[in-house]
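In: coordinates for the following, if possible.
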Amino acid sequence: MTKPQAAAKEILKSLLRPFYRMGRKFIFEKLPPLYREGTRYDLIADEIKKVKPGVIVEIGTCHGNNAERMIRTALWSNDVDYYGFDLFEEMARETFVKETSIWPAPMALVESRLKSIRLRGRTPKVHLFKGDTTRTLKAAVQRIGRADFIFIDGGHSYETVRADWENSERLCGPDTVVLIDDYPNWGVGRLVDEIDRGRWKVEIIEPGDYFYHSSPPLNCKLARVTVKR
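Out: Purely as a prediction, here's the structure:
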């Protein structure tokens, strides 16, 4: 590319940049968020659109990707208090392997990202908790009170996911919807199968997502748990 061509390209980019920003602002602030078609994350969006939660609890915030999608979906209808739990900087290699985890981003980075969300004149109240959820979630139950929507996708060992579920039970009201990710894999399958069907309605949402890079391939589904009426 010649120097005149490069200069012309830069001028064109500078002229188009304001229109790009306007389009991006419209998509992210005026339109409902778009989930990835064909994945279980579409189902999360559908649930939030039905529930219209004012209080969202996510166990396993990680990089904040799913948190942002959930918050944006909920903000379309009402104000949102988001409570997110993860190890963040406290993640250790041993825990990473034991819990079949994804390495999380620094808490401050995730917090900044989520607090910058603005949609229809609304911004979320973001509350992040760093540390082992078997302790941090238990300690935060009284502060949270009742949750409208809970997404459990933190540690995947049986001990951790069982503690996350037992602490989440204490946040549930008669209309709370809980989604547990990654059924029937690792410790999640055992935990979901053990949930008391006399008290809770448990639905396994098909078909789930297939991950062929694993051996054998994984099929990760959502378990939907609500109070049995």
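
In: how is the chain carved up into domains?
Out: Per the record, the chain has its domains at 1-31, 36-227, by automatic domain parsing.

In: now do the last one: distance to the chain's middle.
Out: The gap between the average C-alpha position of domain 36-227 and the chain average comes to 5 Å, counting by CA atoms, centre = their mean, to the nearest Å.

In: contact partners for the residue nearest to residue 130 when sequence neighbours are not counted?
Out: Spatial nearest neighbour of residue 130, chain neighbours left out: residue 88 (4.6 Å); criterion: CB to CB, 6 or more residues apart in numbering. Yep, even glycine has a C-beta here, placed from its N, CA and C like the rest. Residue 88 sits next to 61, 104, 105, 106, 107, 110, 128, 130 when contact means CB atoms under 8 Å, 6 or more residues apart in numbering.

In: which ones among those are found in helices?
Out: Among those, the subset assigned to helices under DSSP state H consists of 107, 110.

In: so what's the residue nearest in space to the middle of the chain up against?
Out: In the chain, the C-alpha nearest the mean C-alpha coordinate belongs to residue 66, at 3.6 Å (CA atoms, centre = their mean). Going by CB under 8 Å, 6+ apart, residue 66 touches 41, 44, 58, 151, 153.

In: dump those to JSON lines, plus pLDDT.
Out: Shown next, in JSON lines, are the contacts of residue 66 (pLDDT from 0 to 100):
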{"residue": "41", "pLDDT": "86"}
{"residue": "44", "pLDDT": "93"}
{"residue": "58", "pLDDT": "98"}
{"residue": "151", "pLDDT": "98"}
{"residue": "153", "pLDDT": "97"}
